[in-house]
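Student: Sequence first, then the predicted structure, then my questions.
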Amino acid sequence: MALSLYGYHYSVYVRAVRLALAEKELRCEQIEVDPFSPLPEGYLDLHPFGRVPVLRHGRLMLYETQAILRYLDERFPGPPLQPDGAAARARMMQVMGIADAYAYRPLVRQVYSHAVFRPAAGEASDPREVAMGMVAAARVLGALEVLAEEGLVLSGAVTLADLHLAPMIAAFAQAAEGAAAVARHPALAAWWQGMRGRESMAETDPGLPEGRLR
Ligand SMILES: N[C@@H](CCC(=O)N[C@@H](CS)C(=O)NCC(=O)O)C(=O)O
């Protein structure tokens, strides 16, 4: 049964799924859907909230990145991406929850989008969004530092938490102020140094738009 991924090239959530596919060495058809443009007809039948990613595997259609990552890890062979032990698994889920609830908006939609993506795309950006994002990011990085220091996740063997978080940190760290903020957190910075060098990260790097008008 073939795998298909509906996703937007620049989406951090889609990149998390692509990372899992790469780490598990799975082949997957990629269908481009830009959720920030008018959606293709029928797309809301696949994802009622109009977001990306959506994974198709045979008759199974799945949205929500955490569910997709779990499915890929549990359904397919390859290196296991979930740690042993209740505490480490709970930490993995905790990091993914932090990424969704507290990190995505400031790190990606405020700092990356307004300091990096929009300027590259030739779109208007708002420095106040960057400033507000940096304020909110401080608490997120502080919380992640505590967890990386503890070492149950974000240190060593790659888990779904690493794959979920890494695209957000990758986006954030493209802004000079984002990179400087990560560097001020030694355990998180050490994790990021290891993570960013992985082959799967190079394979899934979306690059930047060049003066493209969306
Ligand atoms: N909870 C969703 C979030 C996915 C998400 O927000 N994706 C972004 C792209 S990175 C999106 O589709 N945004 C469209 C929008 O905000 O309208 C998941 O985990 O998959």
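Tutor: The structure has been received and is ready for your questions. Note that the coordinates shown come from a computational prediction; the quantities given were computed from them, not determined experimentally.
Student: Now do the lengthiest helix in the chain: which elements does it pack against?
Tutor: Assignment by DSSP state H gives helix 127-150 as the longest helix of the chain. If you count contacts as 3 or more Cβ pairs under 8 Å, 6 or more residues apart in numbering; DSSP states H and E, helix 127-150 packs onto helix 86-98, helix 176-183, helix 186-196. C-beta coordinates here come from the backbone N, C-alpha and C atoms, glycine included.
Student: Excluding chain neighbours, what is closest to residue 33?
Tutor: If the residues on either side of it in the chain are set aside, residue 33 comes closest to residue 6, at 4.8 Å by Cβ to Cβ, 6 or more residues apart in numbering.
Student: how about that neighbour, secondary structure?
Tutor: strand (DSSP: H, G, I helix; E, B strand; the rest coil).
Student: packing partners for the host helix or strand of residue 169?
Tutor: For residue 169, the host element (DSSP states H and E) is helix 160-172. Other elements packing on helix 160-172 under the criterion 3+ Cβ pairs under 8 Å, 6+ apart are helix 12-23, helix 65-75, helix 86-98, helix 176-183, helix 186-196.
Student: hmm, try it at 10 Å
Tutor: If you count contacts as 3 or more Cβ pairs under 10 Å, 6 or more residues apart in numbering; DSSP states H and E, helix 160-172 packs onto helix 12-23, helix 65-75, helix 86-98, helix 127-150, helix 176-183, helix 186-196, helix 199-203.
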